[in-house]
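Novice: Quick one: sequence plus predicted model below, questions after.
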2 protein chains.
Amino acid sequence: MDRILMIPGPTDVDQRVIDAMRRQMIDHRSGDFRVMMRELEERSRRIFQTENDVYLLTCSGTGGVEFAVANLVDKDDRVLVPVFGVFGERLAEACEFYTRNVVRVEIPLGRAADPEVLKKALDENKDVNVVAFPYNDTSTGTICHDLEGIMRICRERGVYTIVDAVSILGGRDIPVDRLGIDVCITGSQKCLAAPPGVALVSFSERAYEKARRKEKRPHYLDVTKYRHFMRDRSETPFTPVITIFFALNESLRIILEEVGFGKWVRRHEAGAEALYKGLERLGVSFMTEPRYRSPTVIALNPQQGIDAEEIRRVMRERFSIMIAGGLAKFRGKMFRIANIGNISQQRILLTIEALGKTLNILGVKADVEEAVNSCKEVFAGRWPG
Amino acid sequence: MDRILMIPGPTDVDQRVIDAMRRQMIDHRSGDFRVMMRELEERSRRIFQTENDVYLLTCSGTGGVEFAVANLVDKDDRVLVPVFGVFGERLAEACEFYTRNVVRVEIPLGRAADPEVLKKALDENKDVNVVAFPYNDTSTGTICHDLEGIMRICRERGVYTIVDAVSILGGRDIPVDRLGIDVCITGSQKCLAAPPGVALVSFSERAYEKARRKEKRPHYLDVTKYRHFMRDRSETPFTPVITIFFALNESLRIILEEVGFGKWVRRHEAGAEALYKGLERLGVSFMTEPRYRSPTVIALNPQQGIDAEEIRRVMRERFSIMIAGGLAKFRGKMFRIANIGNISQQRILLTIEALGKTLNILGVKADVEEAVNSCKEVFAGRWPG
């Protein structure tokens, strides 16, 4: 471990995942490819807990969101987007290319969408037929703490739903079919612990039917093409990023067959609890209210008089630990620590220790030992192995 | 060399390119990334022979085409697309999402666009302001033999140009600025001999200005975002496929600094000449008229009574050489041999020898030795080393 990535993706990947990429190219229209692809499709369905198709696209997570919107949102649709960070903004902006009818519901910094807020917004906008939102916004470190409640309201109202779960799926249990999510998106480089380059997008049958009825869809993002190639041949319509497909397949094998999906999720949960405890002891303050605190990305305010960018610099230069700054309009206003992918006790303890020492270097009193011990207590009680 | 890929991408890549991917992830918002990115940007400009920006996108070549069209084509534009294969069809279809005014110029099978054909079409469609075409259509193995003449006409008429050079840039000299191509596209997995996953797209200033004036652009494909991140920080707006960026950078280093770009192109030329000579001696017939024959993809008719798919099967099972079949509407009607990327005498000789033996196995007389010797003669005269 030369450097530790504690940023919200990409994350450090297992050496076996890197080794899976040491392969010569193969023909993506051959039996060799299809064997791998069928495994990948089946594993993706298990991660999403869906019987529906999960499309594998060669693009970033944002590209996966564009795919969702490009197919599901039509010019006469009215889309409601709860905004509680940069990724909500992006989602609203993505929708605006396909329809002029986008309603943004702004939520105060440090909180995320709630069932009550959504209910009220839908009552005030009776013509909304699509609800799109990030489940977890990494820019603000907030999560919708009651996804189940939100989805219940969406189902009752019969609206179509797009859930951007890019930074959370695999780090939390998201039973897509049981919750009735129409389109759900994640990326290879977040909680699935593979390198970036692949977006995974599930599509319910009713969402597919809506997409199919759309008059026209962008050529590269046309879900009907993906469905045709996937169902008829276990192929992709356009040349896929084969190397990253190899990597993702290996990473999903490790998650599902070696670690076990339940344990993988519980590691994220235990890791989050330890990090929040340790950080609290170091005296940094959180940008988010307790119930909205993301288990995968922690957004922090440095102590008074300390520059967040200085903290990042010392962490990087002295301890080789990479943490994130604020994104877009939050640049310079916060720092962020991610808990994504290959969560381990060691990584978390090293991070807390390094941050404590960094604060001391910058002239802030912080009891490093106590903070590290509070993490260890969490691990002793609930680390899933 | 366990298996030889002689398909129109992906191609076999150099072991050093595969080794370049044996790296742990890095933060794409860090100095480490930017150092690599600046190299990649500079090398990409040299390959395109342009002073303008070359954007690096995480998607397939078709995604790069979508990016070109999504930014350059607006709802009131009238786009002319010469169609001489599946990729022309795709290009026209991609344009149709952004404008209803697409004029297809159908060109007979075995030929490609000519300056005269284009001139006539532009005279008949005075309101055309964008011309979009594949320079080389791999589905039919045809190339526009007079790109210079075509571009001269486009410049004279002042139309914007989109040139899909996905399957040819790097395998032929395409001086983008000198020819005045507004938007030119290629993919990492073709003549640039890297794995798939990255599209490279050059944008002229006037094309950028047109794109910027467009009322709205899809979020993931918005060229203004790519420009902002590239110019201000040598970054990409969304998480890039870092692993393939490493690979592409190494492959471009080999092409430009180790082999030399001129020699790289001449290898493609000498390889093409040898393949065409050898194939002629084997008695298979070409789908294309001589002047339109692509140097990177050769489209062939099997001898009478022989099934193209049988040829592919024997080549694969007996000789471990992968060649391509027909694409889309050409499925089952032809077979194709590519001459892309790491062109070597050995690969070509093995391919010709295997195809000759395959024909013999299938009951067709073919003088394998003579065919192999005719390739060797070409190499003796003009292999650039």
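Specialist: That came through, no problem.

Novice: Kindly spell out which helices and strands sit in contact with whichever strand or helix holds A:Glu280.
Specialist: A:Glu280 is part of helix A:261-282 when elements are defined by DSSP states H and E. In terms of contacts (3 or more C-beta pairs under 8 Å, 6 or more residues apart in numbering or on different chains; DSSP states H and E), helix A:261-282 is packed against strand A:297-301, helix A:345-361, helix A:368-382. The way it works is simple: take the backbone N, C-alpha and C, and place the C-beta from them, glycine included.

Novice: which of the ones you listed sits most buried?
Specialist: Ranked by average neighbour count under the criterion mean count of other C-beta atoms under 10 Å in any protein chain shown, the helices and strands packed on helix A:261-282 are headed by strand A:297-301 at a mean of 24.

Novice: what packs against that one?
Specialist: helix A:261-282, strand A:285-286, strand A:335-338.

Novice: will you turn those into CSV that also has mean pLDDT and distance to B:Ser320?
Specialist: CSV is the format used below for those (pLDDT from 0 to 100; distance: least, C-beta to C-beta, whole Å):
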stretch, mean pLDDT, distance to B:Ser320
helix A:261-282, 98, 38
strand A:285-286, 96, 58
strand A:335-338, 97, 44
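
Novice: what helix or strand does the closest residue to A:Glu39 other than its chain neighbours sit in?
Specialist: In space, not counting the residues next to it along the chain, A:Glu39 is nearest to A:Asn249; the distance is 5.8 Å by C-beta to C-beta, 6 or more residues apart in numbering or on different chains. Counting by DSSP H and E, the element that carries A:Asn249 is helix A:242-253.

Novice: so what does that helix touch, helix or strand wise?
Specialist: Helices and strands touching helix A:242-253, as assessed by 3+ C-beta pairs under 8 Å, 6+ apart, comprise helix A:15-19, helix A:31-48, strand A:53-58, strand A:198-203, helix B:242-253.

Novice: Might you calculate how far the second one sits from the centre of the chain?
Specialist: In terms of C-alpha atoms, centre = their mean, to the nearest Å, the gap separating the centre of helix A:31-48 from the centre of its chain is 21 Å.

Novice: That helix packs against which elements?
Specialist: The contact analysis (3+ C-beta pairs under 8 Å, 6+ apart) places helix A:31-48 against strand A:53-58, strand A:198-203, helix A:242-253.

Novice: ok, and what's touching the longest one?
Specialist: To tie it back to what came earlier, the one meant is helix A:242-253. With contact meaning C-beta atoms under 8 Å, 6 or more residues apart in numbering or on different chains, helix A:242-253 is reached by A:13-14, A:16-21, A:23, A:25-26, A:28, A:33, A:36-37, A:39-40, A:43-44, A:47, A:56, A:58, A:188, A:192-198, B:10, B:21, B:195-197, B:241, B:243-244, B:247.

Novice: re earlier: include distance to A:Leu91 and mean pLDDT when you put the helices and strands packed on helix A:31-48 into CSV, please.
Specialist: As requested, those are arranged in CSV below (distance: least, C-beta to C-beta, whole Å; pLDDT from 0 to 100):
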stretch, distance to A:Leu91, mean pLDDT
strand A:53-58, 17, 98
strand A:198-203, 14, 98
helix A:242-253, 24, 98
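
Novice: now, of the ones you listed, which is deepest in the fold?
Specialist: The highest average neighbour count among the helices and strands packed on helix A:31-48, using mean count of other C-beta under 10 Å, belongs to strand A:198-203 at a mean of 27.

Novice: Which strands border that strand, and is each parallel or antiparallel?
Specialist: On the basis of DSSP bridges, the sheet neighbours of strand A:198-203 come out as strand A:53-58 (antiparallel), strand A:183-187 (antiparallel).

Novice: Just the mean pLDDT for the shortest one, thanks.
Specialist: Model confidence over strand A:183-187 averages 98 on the pLDDT scale.

Novice: got the angle for that strand vs helix A:31-48?
Specialist: Using axes from the mean of the first three to the mean of the last three C-alpha atoms, to 10 degrees, the direction of strand A:183-187 lies 110 degrees away from that of helix A:31-48.

Novice: which residues are in contact with strand A:183-187?
Specialist: Strand A:183-187 is touched from outside by A:9, A:47-48, A:50, A:60-61, A:64-65, A:67-68, A:71-72, A:160-170, A:174, A:176, A:192, A:196, A:198-204, A:207, B:239, with contacts defined as C-beta under 8 Å, 6+ apart.

Novice: Same question for the first one.
Specialist: Outside strand A:53-58, the residues that touch it by C-beta under 8 Å, 6+ apart are A:37, A:40-41, A:44-45, A:47-48, A:63-64, A:67, A:197-203, A:208, A:223, A:226-227, A:230-231, A:236, A:238-241, A:244-245, A:248, B:58-60, B:63, B:196-197, B:241.

Novice: would you put the C-alpha positions of that strand in PDB?
Specialist: Written as PDB, here are the backbone C-alpha positions of strand A:53-58 (Å, rounded to 0.1, in the frame of the first residue of the first chain):
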ATOM      1  CA  ASP A  53     -31.800  -6.200 -17.100                       C
ATOM      2  CA  VAL A  54     -28.700  -4.400 -15.900                       C
ATOM      3  CA  TYR A  55     -26.900  -2.700 -18.800                       C
ATOM      4  CA  LEU A  56     -23.200  -2.300 -18.700                       C
ATOM      5  CA  LEU A  57     -22.100   0.900 -20.400                       C
ATOM      6  CA  THR A  58     -18.600   2.100 -21.300                       C
END
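
Novice: before we move on, back to that, roughly how far apart are the residue nearest to A:Glu39 and A:Val198?
Specialist: When C-beta to C-beta, to the nearest Å is the yardstick, A:Asn249 and A:Val198 sit 10 Å from each other.

Novice: A:Leu5 pairs with what?
Specialist: Here A:Leu5 shows beta-bridge partners A:Met322, assigned using DSSP bridges.

Novice: mind listing what the residue sitting nearest the centre point of chain A touches?
Specialist: Among the residues of chain A, the one closest to the centroid is A:Ser167, at 1.1 Å (C-alpha atoms, centre = their mean). For A:Ser167, the contacting residues are A:8-9, A:61, A:87, A:134, A:136-138, A:187, A:190-191, A:294, A:296-297, A:340, by C-beta under 8 Å, 6+ apart.

Novice: which one is the residue of the stretch 201-350 of chain A found nearest chain B nearest to, not counting chain neighbours?
Specialist: Among the residues of the stretch 201-350 of chain A, A:Val241 lies closest to chain B, at 3.2 Å counting by C-beta to the nearest C-beta. Take A:Val241 and drop its neighbours on the chain: the residue closest to it by C-beta to C-beta, 6+ apart is B:Gly197, 3.2 Å away.

Novice: What is the burial count for the one you found?
Specialist: By other C-beta atoms under 10 Å in any protein chain shown, 33 other residues sit near B:Gly197.

Novice: Kindly reformat the helices and strands packed on strand A:297-301 as a markdown table and extend each row with mean neighbour count.
Specialist: What follows is the helices and strands packed on strand A:297-301, written out as a markdown table (neighbours: other C-beta atoms under 10 Å in any protein chain shown):
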| stretch | mean neighbour count |
| --- | --- |
| helix A:261-282 | 20 |
| strand A:285-286 | 14 |
| strand A:335-338 | 26 |
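
Novice: need those in JSON lines with distance to A:Leu362, can you?
Specialist: Converted to JSON lines, those look like this (distance: least, C-beta to C-beta, whole Å):
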{"stretch": "helix A:261-282", "distance to A:Leu362": "12"}
{"stretch": "strand A:285-286", "distance to A:Leu362": "16"}
{"stretch": "strand A:335-338", "distance to A:Leu362": "12"}
